[in-house]
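*Asks:* From the sequence below, what's the structure:
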Amino acid sequence: MYHFEDGVLTLGSARNQRQAQASSLLLYVWEECLDEKRIDYERLNQALVSSDVETERRDAMGQAFSNDASDWFESDGSNIYLVGKGKNHARDLIQELDEKLDG
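*Replies:* As a prediction, the model looks like this:
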């Protein structure tokens, strides 16, 4: 998910940055395309692994970007979902990725 042809690491240089970025994208797509807001942690982990994003210490992804990522997600214990800042971030990230792919 985070490697493009030119080898630039788009989602971040640190593991928790890549996890937070990829998770925001996946959760956004699940909600917008499949109308699924709350996603089981195991399902998210499987999607991250399928996307070539490591899941080790995923619990630290909220600390990414000087703790800004902690405002992107909420949890009810067994499920995770995006809140307003996370949705806005995911939209902006999709636009950024689109521009890089078109560029």
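*Asks:* Surely Ala95 forms part of a helix?
*Replies:* Just to correct that, residue 95 is Gln rather than Ala. Yes: Gln95: assigned to a helix according to DSSP: H, G, I helix; E, B strand; the rest coil.
*Asks:* what about it, how many neighbours?
*Replies:* 10 (other Cβ atoms under 10 Å). The way it works is simple: take the backbone N, C-alpha and C, and place the C-beta from them, glycine included.
*Asks:* Distance of it relative to Gln46?
*Replies:* Note on Gln95: its distance to Gln46, by Cβ to Cβ, to the nearest Å, is 27 Å.
*Asks:* which parts of the lowest-mean-pLDDT helix or strand in the chain are buried?
*Replies:* Each helix and strand of the chain was given a mean pLDDT (mean pLDDT, DSSP states H and E); the minimum falls on helix 84-102 at a mean of 90. Neighbour counts using 16 or more other Cβ atoms under 10 Å place 86-87, 89-90, 93, 97 of helix 84-102 among the buried residues.
*Asks:* Mind listing residues that contact it?
*Replies:* Helix 84-102 is contacted from outside by 4, 8, 10, 21, 24-25, 27-28, 31, 71-73, 82, using Cβ atoms under 8 Å, 6 or more residues apart in numbering.
*Asks:* 7 Å instead?
*Replies:* Residues from elsewhere that reach helix 84-102 (Cβ atoms under 7 Å, 6 or more residues apart in numbering): 4, 10, 21, 24-25, 28, 71-73, 82.
*Asks:* now do stretch 31-46
*Replies:* The contact list for stretch 31-46, computed with Cβ under 7 Å, 6+ apart, reads 23, 26-27, 30, 55, 58, 76, 78-82.
*Asks:* Determine which two of those residues are furthest apart.
*Replies:* Across the contacts of stretch 31-46, no pair lies farther apart than Thr55 and Asp76, at 19.7 Å, counting by Cβ to Cβ.
*Asks:* how deep is Cys33 tucked in, by neighbour count?
*Replies:* The number of residues packed near Cys33 is 8, by other Cβ under 10 Å.
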